[in-house]
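1. with the input below, show me the fold.
(2 chains)
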Amino acid sequence: MRPPVAERETVAPEALRLPPRRDLAPYWLLLPTALYLGVFFVYPMSQAVWLAVSDPRSGQLTLEHFQRMSDDVHFRDAIRNTLLITAIAVPVQIALGLAIALMVNTCFRGHTMFLYLCAIPIGISDLAAGLIWLSIFIERGYLNAALGALGAIQQPVTWLSFERRDWLVSAIVVTEIWRATAIVMIILVAGMQLIARDYVETAQVFGASRWRTLLEVFLPLLRPSLQTALIIRTILAFQCFATVIIMSGRLVPVMAGESYFWYSLYRNANVASAYAVLILLFSGSITYFYLRALRQRELDVPR
Amino acid sequence: MTLRRLGFASAVVMISAWVLLPIMLIALAAFSPRDVLYQWPRPLWPSTFTLDTFLFFAGSSGVLAATWNSVVVAGLTIALSFAIAAPTGYALARYRFAGRDAANLAILGTKMFPATVLSIPLAVTFLRWGLYDTLLGVAIVHTALSIPFVVVIVTSIFAGVAFELEEAAMTLGCSRAQAFLRIALPMALPGLAAAGIFTFVLSWNEVFASTILTLDNRTLPALVLSSVSGAGAPLHYRFAGGFFMVIPALVIIFLIRRYLLSLWGVTVR
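-> Below you'll find the model as predicted:
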């Protein structure tokens, strides 16, 4: 497995031996990316904010769109559901991803096969994942078929219905966990490869149990990767969209879904942008929170 | 000790089943006769297999065109994102310069950014520019989404190709560009191909932006989503469609398995 670039910098200072260059070449090479992201990333971002706070006709600043957004019947539900799905799915993804990564890291026979197998959902879209789990949870789906074959039920159970909002949310959460644990796992496996074996061995020489070595040496060293996985997963969960639409239509409103409906159903780009800005605000604040809460303490082992 | 190994082995089996079983089930549904999907008691294993369900999906109006659109958009995305981001990746791997850390951080930031929210303002802008409902418009957004990934993987690939080899070529009379073209590029090619394939998946799978930015020229995910959410497509259409979209993913993850770690393994410190 090719170690990522970061390791080469910390472990073998190979890159530092490169001839120091004072030329402008790297800046020229960076220019296309900077320009492109400026036009198609930074500009639309400012545009989103502008659409959300300006009147489309007069061009004056207004809070009217935010007002319409928050007056909408789905507004509270959308925020509540998005946060609920995130709050359940992300911790499970982190725990499961960490468990799989630790198992891969023991390098048991067949561990690479196991790694690739667990990585498969990375290539599956939220839309396809929604359709896959729909075939399980729908009324004539595999779950009911299995329960029926076991004799547990006589009539098919309607799992995905308006009356059972909690079942709907659970089905969405299960699908999210199935699909996105793979990304967490990959980030953590990559992070584990950066941890020098010496630390673990030293702990064991000094008589630490496996469990203590894991908790007090290994996991603290893994913190940067855990933090990345947590941020990436949370932000992506705030945008959950296709899985939710496939499973529930609009029975479980979420923020990205509302943005979609306001744009394509009501043809209102301003309120849709207000939702976009809301997602942006949520993502920004949670990232800030994670970076503060998980900041490396001074007494910790330096990496 | 054996108990521990037994527990470990069963955990491996259970997790593998958890990942694989749903994929097998959707494949089963895609090749089941239509009436099996609606009957009760619902058999777990269909008595016959058929291509009808799958062909029904493939023959539904717009599916073939949308598949072609998806391929075109993915191709455009690969071309655009490599043209724009590959030089940046090379620079980050080969040069030390002021602002290098800031550039790395910016790339990481764009990777974490909730980029789908950009689709709404871009739709408004694209209407003005005449890019709305065009494949190029979708490809432009997909390029913005894949640039951070292309930069990261290209950086790690060229960091893995020793600069000394390029230097050696230069002492033997190659120019800087020749050394790059004849030495570094061929060695980096497999990794670059993997990055290209990953970009393909990213674009092939993207739903939100494609749905927002198109009306008639749908990509496949946009078509499936709108026919499910808008027109209430029948179950067999949904299952066959789900399976159809998963196939490339299965092939592709196998192809780029060696590079998965470098695609995602960059961290905030």
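
2. the helices in the stretch 151-300 of chain A, which residues?
-> For the stretch 151-300 of chain A, the helices defined by DSSP state H, counting those that start in this stretch cover A:165-192, A:197-205, A:210-213, A:219-221, A:223-238, A:242-248, A:255-264, A:269-293.

3. show me where pLDDT drops low in chain B?
-> Counting by pLDDT under 70, chain B shows low-confidence ranges at B:1, B:263-269.

4. before we move on, the earlier item: so which of the helices of the stretch 151-300 of chain A gets nearest B:R182?
-> Among these, the nearest to B:R182 by C-beta to C-beta is helix A:165-192 (31.2 Å). Glycine gets a C-beta too; all of them are placed from N, C-alpha and C.

5. any residue of that closest one touching chain B?
-> Yes. Contact of helix A:165-192 with chain B (C-beta under 8 Å from any C-beta of the partner chain) involves A:178, A:182-183, A:186-187, A:189-191.

6. B:Y237: which of the residues you listed is nearest?
-> Checking those against B:Y237 with C-beta to C-beta, the nearest one is A:W178 at 22.2 Å.

7. from A:H111, how far off is the closest one?
-> Going from A:W178 to A:H111 by C-beta to C-beta, to the nearest Å gives 21 Å.

8. hmm, back to that, nearest to chain B, of the residues of helix A:165-192 next to chain B?
-> A:A190 (2.4 Å; C-beta to the nearest C-beta).

9. hmm, back to that, okay if I get the helices of the stretch 151-300 of chain A as TSV plus distance to A:I94?
-> TSV is the format used below for these (distance: least, C-beta to C-beta, whole Å):
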stretch	distance to A:I94
helix A:165-192	6
helix A:197-205	21
helix A:210-213	19
helix A:219-221	12
helix A:223-238	6
helix A:242-248	19
helix A:255-264	21
helix A:269-293	12
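
10. adding mean neighbour count and distance to B:M14, write these out as JSON lines.
-> Listed next are those as JSON lines, based on neighbours: other C-beta atoms under 10 Å in any protein chain shown; distance: least, C-beta to C-beta, whole Å:
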{"stretch": "helix A:165-192", "mean neighbour count": "23", "distance to B:M14": "13"}
{"stretch": "helix A:197-205", "mean neighbour count": "13", "distance to B:M14": "26"}
{"stretch": "helix A:210-213", "mean neighbour count": "12", "distance to B:M14": "22"}
{"stretch": "helix A:219-221", "mean neighbour count": "15", "distance to B:M14": "23"}
{"stretch": "helix A:223-238", "mean neighbour count": "22", "distance to B:M14": "22"}
{"stretch": "helix A:242-248", "mean neighbour count": "26", "distance to B:M14": "23"}
{"stretch": "helix A:255-264", "mean neighbour count": "25", "distance to B:M14": "32"}
{"stretch": "helix A:269-293", "mean neighbour count": "20", "distance to B:M14": "30"}
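
11. I'd like those laid out as CSV, including mean pLDDT.
-> Listed next are the helices of the stretch 151-300 of chain A as CSV, based on pLDDT from 0 to 100:
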stretch, mean pLDDT
helix A:165-192, 92
helix A:197-205, 85
helix A:210-213, 86
helix A:219-221, 88
helix A:223-238, 89
helix A:242-248, 92
helix A:255-264, 92
helix A:269-293, 90
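
12. longest helix of the chain?
-> If you meant another chain, say so; for now it's chain A. Longest helix in chain A, counting residues (DSSP state H): helix A:75-105.

13. hmm, no, I was thinking of chain B.
-> Under DSSP H, chain B gives helix B:63-94 as its longest helix.

14. sounds good, over and out.
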